[in-house]
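**Q** Show me the folded form of this:
(one chain, ligands or ions: 2)
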Amino acid sequence: MEILAKPRPKKDSIVSTVQKILMVTPELVPFIKVGGLADVVGALSKTLSQRGHDVRIVLPKYASLTGIETAVPLKSSPLIVNLGGETAYAQVWEVSLPGCEAICYLLEHNLYFDGPEVYCGPSGNEADNAQRFSFFSRAAIDLCYQLGWIPDVVHCHDWPTGLLPVYLNTTEQGKPMEQVATVMTLHNVQHQGYFPKDTLEFAGLPEVTFRSDSLEAYGQVNMLKGGIYHSSKITTVSPTYAREIQEEDGGCGLEKLLKFRAADLIGVINGIDENEWSPETDLYLPERYSANDLKGKTACKAALQTAFGLNQADNVPLFSIVSRLVDQKGLDLLVATGQRLLETMNIQIAVLGTGDPTLEQAFKFLANQNPGRFASYIGFDNQLAHLSVAGSDFLLMPSRFEPCGLSQMYSMKYGAPPIVRATGGLVDTVEQYLEGSGLGTGFRFDAPTAEAFYDTVGWACSTYFDRPEEFAQLQANGMAADFRWDQSADTYEQIYTWAMEARKKGYQIEAKSP
Ligand code: ADP
Ligand code: GLC
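**A** Numbering: from 1, shown residues only. Ligands and ions are numbered 1, 2, ... in the order given. Modelled structure (predicted):
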């Protein structure tokens, strides 16, 4: 397996030719966001476009898209989408990705996308995802033909785009799109898109793809598996996660396949968009600040305490959480230890998140029990997410697994050292604090246990009170860290080139199972 932790390509290896890149994604900042995938595809597309590449993006036109007032219908619309038993139509809209020249095509289809949710159709039924995302992958290909624009590479993101590489290797044989290389990025292998076998018929894919060395898994269609099998190259969002998903614990059933494709699997760490996430320019904050002058951070802390109804206190360490409330994030550890933490330490905790109702209830309960010291805001609020990392002293991120994670990078940039479990991208981005030296950018713990979490919060708390100069050094180290996209964009350019070279050599469905 190729691991590129801190990619530093030699000058002469940097790709200088313009690449035609089609991003196919279920989420995209600034138009629609559920989690970090949206930030990543938005920022990577912008960076590649600013480097001169011809970047186009395909995104469903969900009813909840924002910031698309300037979108215009494509002249050649409607797009004819060639599914199995039926021909479907999509109205296509065109809008620029702000800050660059990338074009985003929005696919409108009332039955599939006219609802507010990304991972659930207008009917509210997740089973519709089989049709919605088969349609999406198929439409992205048909759009290229209609535009007369054949990309060099299609970059797919997660299971909703898994069928696209399968189409290119089957239905598109002998057609112009057959030449196109594919890169599949795995943002999270926990979600794979399992659907009944008749999805193939609907999608118009041949029976030959229903094999264990293609789309079939446990008698069903597994879209992510198909994407992994059929892509020219596979990436995931950190080197450590690239290793973890090849083991039983991390692979969620795909570990053997990922080992089988290890030579084509590359871990590339995500970056952050500093135009969006920098305390020096962030317009969501009441005051801005920099590593040289943290005065504005005090104002942000006061504003965060007000927003969450916490006691006004500048000298009490404030721990924040900005997270989807899902099993992956390990927040049950906070539920288990929250009361004890508050009883034994002089701290405040502010939780911003939404998701699992049990976790939501548990945090509301802790807030009721500890007014002024524990607070939760159940919902999705981008401004509050910015204020949370700016106004807090620490971020809590005890993830059970974490492919990359962005919140910890944002918090480091904003001078709030993170407390993280040592897993996935958290290992690759957070440098362990070395007590007595001031080295490090945060606090890591290994075992996913309440005790380890409790002790590490205690360690952070004592650093704040007992070693303030070392705490200040940790803040400075995180704020100085380079999380910009450039290095990872270099690597993606290189991977696109490798994918194109591999594609030129041709493709055959492997006859053997891993
Ligand atoms: P994941 O993609 O697994 O959710 P990441 O750390 O990669 O985790 O990215 C999470 C992104 O979602 C960050 O940009 C974070 O600020 C944002 N986010 C998560 N929960 C919320 C929320 N409740 N309100 C606003 N933003 C949120
Ligand atoms: C996924 C992962 C997260 C990663 C994000 C962007 O949502 O859970 O760790 O940062 O994708 O790649």
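**Q** and Ser231, how many residues sit next to it?
**A** As a burial measure, Ser231 scores 31 neighbours (other Cβ atoms under 10 Å). Backbone N, C-alpha and C define where each C-beta goes, glycine included.
**Q** Was I right to think it contacts Thr185?
**A** No - assessed by Cβ atoms under 8 Å, Ser231 is found out of contact with Thr185, at 9.3 Å.
**Q** Pull up the overlap in contacts between these two.
**A** Residues touching both Ser231 and Thr185 (Cβ atoms under 8 Å, 6 or more residues apart in numbering): Cys156.
**Q** Please identify the nearest residue in space to the residue in the chain positioned nearest to ligand 1, excluding sequence neighbours.
**A** Per Cβ to the nearest ligand atom, Gly36 is where the chain lies closest to ligand 1, at 2.3 Å. Nearest non-adjacent residue to Gly36, counting by Cβ to Cβ, 6 or more residues apart in numbering: Leu406, 4.4 Å away.
**Q** coming back round to it: and for the residue of the chain closest to ligand 1, the neighbour number?
**A** Gly36 has 24 neighbouring residues, counting by other Cβ under 10 Å.
**Q** Could you tell me which residues make contact with it?
**A** Per Cβ under 8 Å, 6+ apart, neighbours of Gly36: 187, 270, 404-407.
**Q** hang on, Leu265 packs against Pro239?
**A** No - using Cβ under 8 Å, Leu265 is not in contact with Pro239, being 10.4 Å away.
**Q** ok, back up a step: ok, and of the contacts of Gly36, which contact ligand 2?
**A** 187, 270, 404-406 (Cβ under 6 Å from any ligand atom).
**Q** If we only consider the residues you listed, which is nearest to Glu178?
**A** The closest of those to Glu178 turns out to be His187 (Cβ to Cβ; 26.7 Å).
**Q** pLDDT wise, what is that closest one at?
**A** At His187, the pLDDT value in this model is 98.
**Q** Just the closest residue of the stretch 101-250 of the chain to ligand 2, please.
**A** For the stretch 101-250 of the chain, Cβ to the nearest ligand atom, closest residue to ligand 2: His187, 3.4 Å.
**Q** got the phi/psi numbers for that residue?
**A** phi -90, psi -20 (degrees, to the nearest 10).
**Q** list the contacts for the closest residue to it other than its chain neighbours?
**A** Nearest-residue entry for His187: Leu37, 4.7 Å, with adjacent residues in sequence omitted and distances by Cβ to Cβ, 6+ apart. Residues near Leu37 by Cβ under 8 Å, 6+ apart: 25-27, 157-158, 187-188.
**Q** Distance to Ile349 and neighbour count added to the residues you listed, as a markdown table?
**A** Compiled in a markdown table, the contacts of Leu37 are given as follows (distance: Cβ to Cβ, whole Å; neighbours: other Cβ atoms under 10 Å):
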| residue | distance to Ile349 | neighbour count |
| --- | --- | --- |
| Thr25 | 34 | 28 |
| Pro26 | 32 | 23 |
| Glu27 | 28 | 25 |
| His157 | 33 | 24 |
| Asp158 | 31 | 24 |
| His187 | 28 | 24 |
| Asn188 | 26 | 23 |
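**Q** between the residues you listed, which is nearest Ala362?
**A** Asn188 (23.4 Å).
**Q** So that closest one: helix, strand or coil?
**A** Here Asn188 is recorded as coil under DSSP: H, G, I helix; E, B strand; the rest coil.
**Q** What backbone torsions are found at the closest residue to it other than its chain neighbours?
**A** In this structure, Asn188 finds its nearest non-sequential neighbour in Pro403, 5.4 Å apart by Cβ to Cβ, 6+ apart. With angles defined as degrees, to the nearest 10, Pro403 shows backbone torsions of phi -50, psi -50.
**Q** out of everything not next to it in sequence, what's closest to Gly52?
**A** Val18 (5.7 Å).
**Q** so the one you found makes contact with Val55?
**A** No - using Cβ under 8 Å, Val18 is not in contact with Val55; the gap is 10.1 Å.
**Q** In terms of neighbours, single out the busier of the two.
**A** Val55 (26 against 11).
**Q** Tell me if I am right that the more buried one is in a strand.
**A** Yes - per three-state DSSP, Val55 lies within a strand segment.
**Q** and it, what does it touch?
**A** 21, 23, 45, 48-49, 97, 100-103.
**Q** Repeat the analysis, applying 6 Å as the threshold.
**A** By Cβ atoms under 6 Å, 6 or more residues apart in numbering, the contact list for Val55 reads 21, 45, 48-49, 102.
**Q** Return the subset of the ones next to ligand 2 among the contacts of Gly36 lying in helices.
**A** The members of the ones next to ligand 2 among the contacts of Gly36 all map outside helices under DSSP state H.
**Q** Can I get the buried part of these as one ChimeraX selection?
**A** With 16 or more other Cβ atoms under 10 Å as the criterion, this ChimeraX line picks the buried residues out of the ones next to ligand 2 among the contacts of Gly36:
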select :187,270,404,405,406
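**Q** rewinding a little: distance of the residue of the stretch 101-250 of the chain closest to ligand 2 relative to Gln131?
**A** Separation of His187 from Gln131 (Cβ to Cβ, to the nearest Å): 22 Å.
**Q** Met479 now?
**A** From Met479 across to Gln131, the span is 47 Å (Cβ to Cβ).
**Q** And the biggest strand by length in the chain, what's buried?
**A** For the chain, the strand reaching the highest residue count under DSSP state E is reported as strand 87-96. For strand 87-96, the neighbour count (16+ other Cβ under 10 Å) marks 88, 90, 92-95 as buried.
**Q** wouldn't Ser399 be in contact with Val326 here?
**A** No - contact criterion Cβ atoms under 6 Å: Ser399 and Val326 do not qualify, at 10.0 Å.
**Q** Compare these two and say which one has the larger neighbour count.
**A** The neighbour comparison of Ser399 against Val326 (other Cβ under 10 Å) goes to Ser399, with 25 against 17.
**Q** Tell me which residues are up against stretch 100-111.
**A** Contacts of stretch 100-111 (Cβ under 6 Å, 6+ apart): 45-46, 49-50, 55-61, 90-95, 97, 139.
**Q** what's the answer for stretch 141-161, then?
**A** Contact partners of stretch 141-161, identified using Cβ under 6 Å, 6+ apart, comprise 19-26, 41, 76, 79, 81, 133, 137, 164, 167, 176-177, 180-185, 187, 191-193, 223-224, 227, 496, 499-500.
**Q** export it as PDB, just CAs?
**A** The C-alpha trace of stretch 141-161 is given here as PDB (Å, rounded to 0.1, in the frame of the first residue of the first chain):
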ATOM      1  CA  ILE A 141     -22.300  10.000 -17.000                       C
ATOM      2  CA  ASP A 142     -25.100  11.000 -19.300                       C
ATOM      3  CA  LEU A 143     -24.400  14.600 -18.500                       C
ATOM      4  CA  CYS A 144     -20.900  14.300 -19.800                       C
ATOM      5  CA  TYR A 145     -22.200  13.000 -23.100                       C
ATOM      6  CA  GLN A 146     -24.800  15.700 -23.300                       C
ATOM      7  CA  LEU A 147     -22.200  18.400 -22.600                       C
ATOM      8  CA  GLY A 148     -19.800  16.800 -25.000                       C
ATOM      9  CA  TRP A 149     -17.200  17.100 -22.200                       C
ATOM     10  CA  ILE A 150     -15.400  13.900 -21.500                       C
ATOM     11  CA  PRO A 151     -13.300  14.200 -18.300                       C
ATOM     12  CA  ASP A 152      -9.800  12.700 -17.800                       C
ATOM     13  CA  VAL A 153     -10.900  11.500 -14.400                       C
ATOM     14  CA  VAL A 154     -14.100  11.100 -12.400                       C
ATOM     15  CA  HIS A 155     -13.600  11.600  -8.700                       C
ATOM     16  CA  CYS A 156     -16.300   9.800  -6.700                       C
ATOM     17  CA  HIS A 157     -17.100  10.300  -3.000                       C
ATOM     18  CA  ASP A 158     -18.500   7.600  -0.800                       C
ATOM     19  CA  TRP A 159     -21.300   5.000  -1.500                       C
ATOM     20  CA  PRO A 160     -23.800   7.200  -3.200                       C
ATOM     21  CA  THR A 161     -21.400   7.400  -6.100                       C
END
